[in-house]
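What would the 3D arrangement of this be:
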Amino acid sequence: MATPSIKRSEVNRIMREADKFIRSFGYIMPPFAYWTPKEFRDRKGEAKAIINANLGWDITDYGLGDFEKMGLFLFTVRNGDANDLPKGRGMLYAEKAMISRKDQYSPMHRHNIKAEDIINRGGGTLVIELFGDTNGLCDKSKGVTVMTDGIQRTLPPGGKLQLKPGESVTLMPNEHWHAFWGEGGDVFIGEVSTVNDDNTDNVFDDPRIARFGGIDEDEEPWHLLVSDYPTWLK
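Model prediction:
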């Protein structure tokens, strides 16, 4: 059976819509966001830091082939080197711009290393469903305590935190299992976190879920995804 994949034409459409949506809030992405695939190839020597840190466009359907129902748009703006974490100095942080569409589900997961602030930058309400952790597994009987803009809040198992524009929550690794979606409209999300590796740091409650899905190449890419770098920039 073929692995579900997202069409490149859909990826290109999502990119264009996302860029327009993000710009509507006065947020402008960095110059390399707008490089063509050819320009990226021509400049890959000077862009080693971008490539190595997986900065750039990231569109996932979690390997299930239905982006509108379960998916997420991300753009990694900055990301440090995880090798610096044991040293306690260096670029130990990361930043992402994300869009969670209305009723679009990002599935239940936790992180191994990454602590993160999830910030509603504008749009609808961001709803985050939360469970606690027991021995690395999502514990559906366990609630959580989180910090929301400096205020401590305790939620029951499966409690749904509603973040209005301007509000945020801090989620800790190996402690806060979370899923989220937009309510009442699409949501522009900011993420400020510990340096992270999306290839290894995400643990999903559903074992069918993959952080990166496949691409059906039905047209040329408008811009490269971070998941394109290993093949397009060899």
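
For residue 160, give me the pLDDT.
Residue 160 carries a pLDDT value of 98.

Also residue 188?
pLDDT at residue 188 comes out at 98.

measure stretch 218-234 end to end?
21 Å (CA to CA, to the nearest Å).

Return the set of buried residues in that stretch.
Applying a neighbour-count criterion of 16 or more other CB atoms under 10 Å, one finds 221, 222, 223, 224, 225, 226, 227, 228, 229, 233 buried in stretch 218-234. The C-beta positions use only the backbone N, C-alpha and C, and glycine is treated the same way.

Kindly report the same for stretch 45-53.
Buried residues in stretch 45-53, defined by neighbour count with 16+ other CB under 10 Å: 47, 50, 51, 53.

got a list of contacts for the helix or strand hosting residue 12?
Here residue 12 sits within helix 8-23, counting by DSSP states H and E. Under the criterion CB atoms under 8 Å, 6 or more residues apart in numbering, residues 29, 33, 57, 59, 67, 73, 75, 97, 99, 123, 186, 188, 215-223, 225 lie in contact with helix 8-23.

tell me which residues in it are buried?
For helix 8-23, the neighbour count (16+ other CB under 10 Å) marks 8, 10, 11, 12, 14, 15, 18, 19, 21, 22 as buried.

Return, as residue ranges, the portions of this protein with sub-threshold pLDDT.
Scanning the chain for pLDDT under 70 picks out 1-4.

so of the contacts of helix 8-23, which ones are in helices?
Assigned to helices by DSSP state H, none of these qualify.

Next up, the contacts around residue 228.
Residues near residue 228 by CB under 8 Å, 6+ apart: 37, 215, 221.

Return the member of the buried residues of stretch 45-53 nearest to residue 112.
Lowest distance from residue 112 to these (CB to CB) belongs to residue 53, with 17.9 Å.

That closest one against residue 82, yeah?
No. Look at residue 53 against residue 82 with CB atoms under 8 Å: they stay out of range, at 9.9 Å.

any idea which residue sits dead centre in this structure?
Centroid-nearest residue in the chain, with CA atoms, centre = their mean: residue 74, separated by 4.7 Å.

ok, for that residue, nearest residue in space, not its chain neighbours?
Distances taken as CB to CB, 6 or more residues apart in numbering put residue 58 closest to residue 74, at 4.0 Å, once the chain neighbours are dropped.

what do you get for residue 156?
residue 143 (4.6 Å).

Equivalent analysis for residue 200, please.
Leaving aside its chain neighbours, residue 200 sits nearest to residue 112 (7.1 Å; criterion: CB to CB, 6+ apart).

and if you look at residue 32?
Of all residues beyond its chain neighbours, the one nearest residue 32 is residue 50 (5.7 Å), with distances taken as CB to CB, 6+ apart.

can you give me the strands in this structure?
Assignment of strands within the chain using DSSP state E yields the ranges 5-7, 56-60, 72-79, 93-100, 106-111, 116-134, 137-139, 144-148, 151-155, 159-163, 168-171, 177-194, 202-204, 214-216.

Any buried residues in the first one, and which?
Using 16+ other CB under 10 Å as the test for burial, strand 5-7 gives residue 6.

Which strands or helices does that strand pack on?
Applying 3 or more CB pairs under 8 Å, 6 or more residues apart in numbering; DSSP states H and E, one finds that strand 5-7 contacts strand 214-216.

Neighbouring strands of the strand it packs on in the sheet, and parallel or not?
With DSSP bridges as the test, strand 214-216 is paired with strand 5-7 (parallel).

Any chance you could list what contacts the strand it pairs with?
With contacts defined as CB under 8 Å, 6+ apart, strand 5-7 is touched by 59, 61, 65, 67, 213, 214, 215, 216, 218.
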